[in-house]
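K.L.:
My questions concern the predicted model and sequence given below.
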Amino acid sequence: MKDLLDKLNPQQKEAVLCTEGPLLVLAGAGSGKTRVLTHRIAYLIQEKGVNPWNIMAITFTNKAAQEMKERADALVGMGSDALWVSTFHSSCARILRRYIDRIGYTGNFTIYDTDDTKSLMKDIIRSLDLDPKIYKEKNLLAKISAAKNNFVQAEEYRRSVSTWQERKIAEVYMEYQARLKKNNALDFDDLLVKTVELFQTCPDVLDYYQNRFQYIMIDEYQDTNTVQFEFVSALAKRNRNLCVVGDDDQSIYKFRGANIENILGFERVFPDAKVIKLEQNYRSTSSILNAANNVIGNNIGRKAKRLWTENGEGSLVRFRQFQNGFEEAEFIAGDISEKVRDGASYNEFAILYRTNAQSRLFEEKFMMANIPYKLVGGINFYARKEIKDLLAYMKTIDNGQDDLAVQRIINVPKRGIGAASIAKVDQYAYEQGIHFYEALLEAEFVPGIGRALGKLQSFTTFIQSLRSVTGYLSVTELLKKIIDDTGYVEALKAEDTDESRARIENIDELISKTAAYEESTPNPTLSGFLQEVALVADIDSVEEEKDYVLMMTFHSAKGLEFDQVYMAGMEDGLFPSYMTLTADSSDDLEEERRLCYVGITRARKVLTMTAAQMRMVRGETQYNKTSRFVREIPRELVDLGRDVETQRRFSKPSSGMFGGSEAPAKKTYPSSVFKPRAFTVNKADSLDYTVGDTVRHMKFGVGIVQAINDGGKDFEVTVNFENAGVKRMFASFAKLKKV
DNA sequence: CTCCTTTGTCTTTTT
DNA sequence: GACAAAGGAG
């Protein structure tokens, strides 16, 4: 136990030892807050004899939760599976599965994602006869979400509004909740709202959880919103052993309702709170840290603090400007290849940007340069059409109450059931006060249904037949049966386009996800899988051991760290975004600056910022100035790369969109890049193609395999492409498909 | 009912 | 420039 505390600095130690009563830990970037939390958990269990069952920790992502559990496990060595470590949303979902029947839902409720709520809202606009030109579902949903984040429920909202416009929104809000309830569905915000409602209406339930969670810890507290605060304070009310950890400088989710008051006013809510500041940074070099300090120093509304480090000075922050986005991407790809050739491995690098749209250029260049990468964010895996379709089948089989899911797949694949028939059934269901699927089962009573009846009946027969086998099929087997019986993959195969092949790959991935779920869960069920799937974030699937470059938005990068970070698109109008530059209040700009601070502090050793003079945005060419954030870094901390040679090398006009492949490919990515060092990909046992076979690559198209070398950790394949010429690549990354 | 073409909107960021 | 929604032809 001694060594457990020995590894901590005095402030960290204090935070670990201070277990009783409210505690606010103001933890600067890289100051070891995760370490404090895990050690605190270990200390509670080992020294204070607290039962792990009585400890709750809330993290920002499922991945962080997983890691915290593992680390606590390593320190304590036992009992940590009884710990409750999870995100707000997952915690609430778990509580609601158990008790939601007390507030009029049933425990097998579905969780609607953004797409689902959008189509629901579209329905509502139609049925309330609102002008879709004035009432956009996105705006309405944003209003409702904002209300929910502040824990304002529909009735209360209606009572509080005054203008005619607001009353309309209140009406929509009421209808929206009614429909959700009818579908036995919750949106993301509802998970929080309904849990707090449950606590308020059922004191015995709250009592149970208050007793259970004697010690509560919240990470990333600066990004909690009001309803999350209500949730936490309800739970912590009895024992008051609440430890929150956060950094006001890293608050970047105001747009999602995060209430900075939660952290700034913590001492007001808990006057007896102890406050500990962690200001020593263990992550970054002093050059990087100083750059971060200087940038964030321009913000007015923040708690005074200044991070320091004992780490060496390190190299200066690099800044490079390019003609356009292509060259920017080319530079970064070339830079990484060069460093890998000199002994670095891909997973040391991350590329961060403001908007997801920026990732496309990098994807293109990286694919060309044969650099393995993983894209985080963008379209969530589970939001893809093919995945949502298959999940909708599973939902329909699991719980016919989800009208949205049923309507999604009733004509997928095409069964000749059109909008008109669906509307008739929907109307009938509405009149009878039954679910859409129930209405389908008695379709013969639907007025004017006519020739569609047979088609509807064969659909329900099909679903019923799938339902009847759920008892003895595993989730994976059921999914495979759905795919077979609907001919979903078969149809995609027949399409035979790049897109359809990518979809099939996604479906294969879904199958492995169900298999993985069944392996990792003691009592796997269909409902269990669907629940788990609803709350996973893209970042949760990142595996550190895998050797790839990560590309993501600044937002997604929160809580992560990398040896070498590229901050791309450092231009006024992009970052900070045009919206915040034109806004009249400086609050939004300050939030952008915090986002920049988060980005800078992700880097351990090398930080590179890049910008383009000219950039295509929404099909238009924009000319942007260098970001003010770059200019806020003192000149002496920046390496501007005035070296003529590098300028010339990277400022060459690129030869068209895709034409640039030959020249840079030779120069920047020689085969020595493929030293098999530290390359820990999953090597396939065998390849399904061999020398002489024709294969297809995502980017290069069709080619003939010339050679396959077993490079030990992976197969190295040489392919002669029809259009792209001869390329050597790793089999596990290239994902070649025999044709 | 389905497929194809045209039109409009969008981009900040996400559980 | 991309993608979804709407409108029109078969």
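P.N.:
In hand now; what should we look at?
K.L.:
Packing partners of the helix or strand where residue A:363 lies?
P.N.:
Assigned by DSSP states H and E, residue A:363 falls within helix A:359-368. Other helices and strands packing on helix A:359-368, by 3 or more C-beta pairs under 8 Å, 6 or more residues apart in numbering; DSSP states H and E, are helix A:325-341, strand A:373-375, strand A:549-553. In short, each C-beta sits where N, CA and C put it, glycine included.
K.L.:
Do any residues in the first one lie close to DNA strand B?
P.N.:
In this case it means helix A:325-341. No: Helix A:325-341 is not in contact with DNA strand B by C-beta under 7 Å from any atom of the strand; minimum separation 12.9 Å.
K.L.:
before we move on, what about the last one?
P.N.:
Yes: against DNA strand B, strand A:549-553 shows contacts by C-beta under 7 Å from any atom of the strand at A:552-553.
K.L.:
mean confidence score for that strand?
P.N.:
Averaging pLDDT along strand A:549-553 gives 93.
K.L.:
what angle sits between that strand and helix A:325-341?
P.N.:
Compare the direction of strand A:549-553 with that of helix A:325-341 by axes from the mean of the first three to the mean of the last three C-alpha atoms, to 10 degrees and you get 140 degrees.
K.L.:
Show me what secondary structure element comes after strand A:549-553.
P.N.:
strand A:562-567.
K.L.:
Just checking: what are the partner strands of that next one?
P.N.:
Applying DSSP bridges to the sheet, strand A:562-567 is found paired with strand A:349-353 (parallel), strand A:603-617 (parallel).
K.L.:
okay, these in a markdown table with mean pLDDT and mean neighbour count next?
P.N.:
Formatted as a markdown table, those follow (pLDDT from 0 to 100; neighbours: other C-beta atoms under 10 Å):
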| stretch | mean pLDDT | mean neighbour count |
| --- | --- | --- |
| strand A:349-353 | 95 | 26 |
| strand A:603-617 | 93 | 22 |
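K.L.:
Export the ones you listed as JSON lines, with columns for distance to DNA strand C.
P.N.:
Formatted as JSON lines, the strands paired with strand A:562-567 follow (distance: least, C-beta to the nearest atom of the strand, whole Å):
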{"stretch": "strand A:349-353", "distance to DNA strand C": "17"}
{"stretch": "strand A:603-617", "distance to DNA strand C": "6"}
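K.L.:
So which of those is nearest residue A:721?
P.N.:
Between residue A:721 and the strands paired with strand A:562-567, the tightest spacing by C-beta to C-beta is seen for strand A:349-353, at 26.1 Å.
K.L.:
Alpha carbons only: can I get that closest one in CSV?
P.N.:
Presented in CSV, the C-alpha positions along strand A:349-353 are these (Å, rounded to 0.1, in the frame of the first residue of the first chain):
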residue,chain,number,x,y,z
PHE,A,349,0.6,10.0,-34.2
ALA,A,350,-2.7,11.6,-34.1
ILE,A,351,-4.3,14.2,-36.5
LEU,A,352,-6.8,16.5,-34.9
TYR,A,353,-9.1,18.9,-36.8
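K.L.:
got the angle between that strand and helix A:359-368?
P.N.:
Using the same axes, to 10 degrees: strand A:349-353 against helix A:359-368 is 150 degrees.
K.L.:
List of residues touching strand A:349-353?
P.N.:
Contacts of strand A:349-353 with the rest of the structure, by C-beta atoms under 8 Å, 6 or more residues apart in numbering, involve A:332, A:336, A:339, A:359, A:362, A:549-554, A:557, A:560, A:562-569, A:575, A:599, A:602.
K.L.:
ok so, going back, and residue A:11, which of the helices and strands packed on helix A:359-368 is closest to it?
P.N.:
Closest to residue A:11 of the helices and strands packed on helix A:359-368 is strand A:549-553 (C-beta to C-beta; 30.6 Å).
K.L.:
Can you tell me what sits against the closest one?
P.N.:
By C-beta under 8 Å, 6+ apart, strand A:549-553 touches A:336, A:346-347, A:349-356, A:359, A:362-363, A:366, A:371-377, A:539, A:542, A:560, A:562.
K.L.:
Partner strands of it and their direction?
P.N.:
Partners of strand A:549-553, by DSSP bridges, with direction: strand A:349-353 (parallel), strand A:373-375 (parallel).
K.L.:
and of those strands, who's closest to residue A:109?
P.N.:
strand A:373-375 (31.3 Å).
K.L.:
returning to that earlier point: can I get the helices and strands packed on helix A:359-368 in a markdown table including mean neighbour count?
P.N.:
Below are the helices and strands packed on helix A:359-368 laid out as a markdown table (neighbours: other C-beta atoms under 10 Å):
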| stretch | mean neighbour count |
| --- | --- |
| helix A:325-341 | 22 |
| strand A:373-375 | 19 |
| strand A:549-553 | 23 |
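K.L.:
Identify whichever of those lies nearest to residue A:159.
P.N.:
Here strand A:549-553 is closest among the helices and strands packed on helix A:359-368 (C-beta to C-beta), at 38.1 Å.
K.L.:
Output that closest one as PDB - backbone C-alpha positions only.
P.N.:
Provided in PDB are the C-alpha atoms of strand A:549-553 (Å, rounded to 0.1, in the frame of the first residue of the first chain):
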ATOM      1  CA  VAL A 549      -2.600   6.800 -37.000                       C
ATOM      2  CA  LEU A 550      -5.700   8.200 -35.400                       C
ATOM      3  CA  MET A 551      -7.700  10.900 -37.000                       C
ATOM      4  CA  MET A 552     -10.400  12.700 -35.100                       C
ATOM      5  CA  THR A 553     -12.000  16.000 -34.100                       C
END
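K.L.:
of all the strands paired with strand A:562-567, which lies closest to DNA strand B?
P.N.:
Minimum separation from DNA strand B across the strands paired with strand A:562-567 (C-beta to the nearest atom of the strand) falls at strand A:603-617, 6.2 Å.
K.L.:
does any bit of that closest one sit next to DNA strand B?
P.N.:
Yes: legend: contact between strand A:603-617 and DNA strand B by C-beta under 7 Å from any atom of the strand is shown at residue A:617.
K.L.:
Next secondary structure after that strand?
P.N.:
The C-terminal neighbour of strand A:603-617 among helices and strands, as given by DSSP H and E, is strand A:620-623.
K.L.:
Run through who's touching that next one.
P.N.:
Outside strand A:620-623, the residues within contact range by C-beta under 8 Å, 6+ apart are A:573, A:613-616.
K.L.:
one more time with 10 Å
P.N.:
Under the criterion C-beta atoms under 10 Å, 6 or more residues apart in numbering, residues A:324, A:571, A:573-574, A:578, A:612-616 lie in contact with strand A:620-623.
K.L.:
Give me the phi and psi for whatever residue of chain A ends up closest to DNA strand B.
P.N.:
When scored by C-beta to the nearest atom of the strand, chain A has residue A:418 as its residue closest to DNA strand B, at 2.2 Å. Dihedral pair for residue A:418: phi -100, psi -180, per degrees, to the nearest 10.
K.L.:
Distance to residue A:229 added to the strands paired with strand A:549-553, as TSV?
P.N.:
Formatted as TSV, the strands paired with strand A:549-553 follow (distance: least, C-beta to C-beta, whole Å):
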stretch	distance to residue A:229
strand A:349-353	29
strand A:373-375	33
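K.L.:
If you tally nearby residues, what's the number for the closest residue to residue A:241 other than its chain neighbours?
P.N.:
Of all residues not flanking residue A:241 in the chain, residue A:215 sits nearest, at 4.7 Å (C-beta to C-beta, 6 or more residues apart in numbering). Counted by other C-beta atoms under 10 Å, the residues lying close to residue A:215 total 23.
K.L.:
Okay then, goodbye and thanks.
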